[in-house]
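A.B. asks: need a structure here:
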Amino acid sequence: MTGRVALLNSGKTDPQDSEKLLNLYRSRVELKKAFSEAKAEKHALNKLVHERDGSVARLEQKLSQIEELLLDPEWVYPVAVHYQLRALNDRCRARVASFAEQIKRRQETRKNQAILDRWSARRSDQASSVEKELTMAAQAIQVSDQRIAEAESDYGEHPIYIRIFKRRAFKKEIARLEHAKSLLHQKELELKNALEELDNSAAPELQGLDQAAKRSINFMILSFAQQLYIQFGDDNIASLVKEAGDKSAGTIRYGNREDCQRLLEEVESRWDAIDGVTDHATALQKRAKLLTERAMFMHDDDVVPSAGSVGTLICINDGGAVSERNADLLGEDYWDLTKVFCR
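C.D. replies: Next comes the predicted model:
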């Protein structure tokens, strides 16, 4: 490198050779940089391939275990029950997630629409005020024109010797009126610019939900999850459904063939009940209100209540009567509640 610098700084070196040498050096630096980037990209791709190979290996192992279970007559029916229960659990998760997304979007839309309505009303009031001032300014300009015309007419009606005598006063009055008119035109222009700025003003940026809104949403999500749980009609079935979602096939036995058949029939009968949860809007709101009244939070800025304070299942019949029993859906994280809560 020292030799290159000396060569470049030598007065005997051909300028063209120096330029070529510099270009070669720059090309070498760029090539080294490109090589380094390619090497890093290759490392990242190798890591990704390794991770995918590991994932494929785990799936193949899992498939092999399922095949072994299905070859065992004692496990054929329990495996079938397990996957039916898991499918029902996945359905419950999807229903809770869909409800959570729907209510979050509804609340955000409602809040942002309120913000836009207030902004639009305020802009409309401001525009109305500016338009009134514009009207008044236009009227004042007309009056100013009339006064100038009257002053000129009055001056012209006098005999010439009087006009000569009053010329200085007349010019001074005309100048005063013209100046006042100029100020009115300037005010009119400012008002027009202000009105144009109002017309072109951008709407306020959409804001996120505040703490109260997030808490309200979370109580509605928890209320929905409780309603879903109630639709099972049997706490044991609901527990089995959740357990199937948390554990793998072959870790749970569901009894003999007859027991498994009974469970399969139970699962089938629960599908329609789960799909009908949205028909209970009044009960959902009432339950959410009751949950809100008894909820406690670990910290003042928390939006998710402590599990123990909402660990009671609130049942509301068609007549509005309320009954309670223990079922800590939040503490046991039924249907991934903690993942869909508003944060």
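A.B. asks: buried sites along stretch 85-96?
C.D. replies: For stretch 85-96, a neighbour-count test (16 or more other C-beta atoms under 10 Å) marks 85-86, 88-89, 91-93, 95-96 as buried. All C-beta spots, glycine's among them, are computed from the backbone N, C-alpha and C.
A.B. asks: Narrow these to those in helices?
C.D. replies: Of the positions in the buried residues of stretch 85-96, 85-86, 88-89, 91-93, 95-96 sit in helices, assigned by DSSP state H.
A.B. asks: Turn those into TSV, including pLDDT and distance to Leu183.
C.D. replies: Converted to TSV, these look like this (pLDDT from 0 to 100; distance: C-beta to C-beta, whole Å):
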residue	pLDDT	distance to Leu183
Leu85	92	83
Arg86	91	81
Leu88	92	79
Asn89	93	77
Arg91	92	74
Cys92	93	73
Arg93	93	71
Arg95	92	69
Val96	94	67
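A.B. asks: Columns distance to Ala249 on top of those residues, output as a markdown table?
C.D. replies: Output for those, formatted as a markdown table (distance: C-beta to C-beta, whole Å):
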| residue | distance to Ala249 |
| --- | --- |
| Leu85 | 10 |
| Arg86 | 8 |
| Leu88 | 15 |
| Asn89 | 13 |
| Arg91 | 18 |
| Cys92 | 19 |
| Arg93 | 18 |
| Arg95 | 23 |
| Val96 | 23 |
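A.B. asks: Looking at those residues, which one is closest to Lys111?
C.D. replies: Within those, the smallest distance to Lys111 is 22.5 Å, found for Val96 (C-beta to C-beta).
A.B. asks: For that closest one, which non-adjacent residue is closest in space?
C.D. replies: Nearest residue to Val96, sequence neighbours excluded (C-beta to C-beta, 6 or more residues apart in numbering): Trp335, at 4.6 Å.
A.B. asks: nearest to Tyr254, of the buried residues of stretch 85-96?
C.D. replies: Leu85 (8.5 Å).
A.B. asks: my guess is that closest one contacts Ser239, does it?
C.D. replies: No - between Leu85 and Ser239 there is no contact under C-beta atoms under 8 Å: 10.2 Å.
A.B. asks: low pLDDT regions in the protein?
C.D. replies: 1-17, 57-73, 163, 276-279 (pLDDT under 70).
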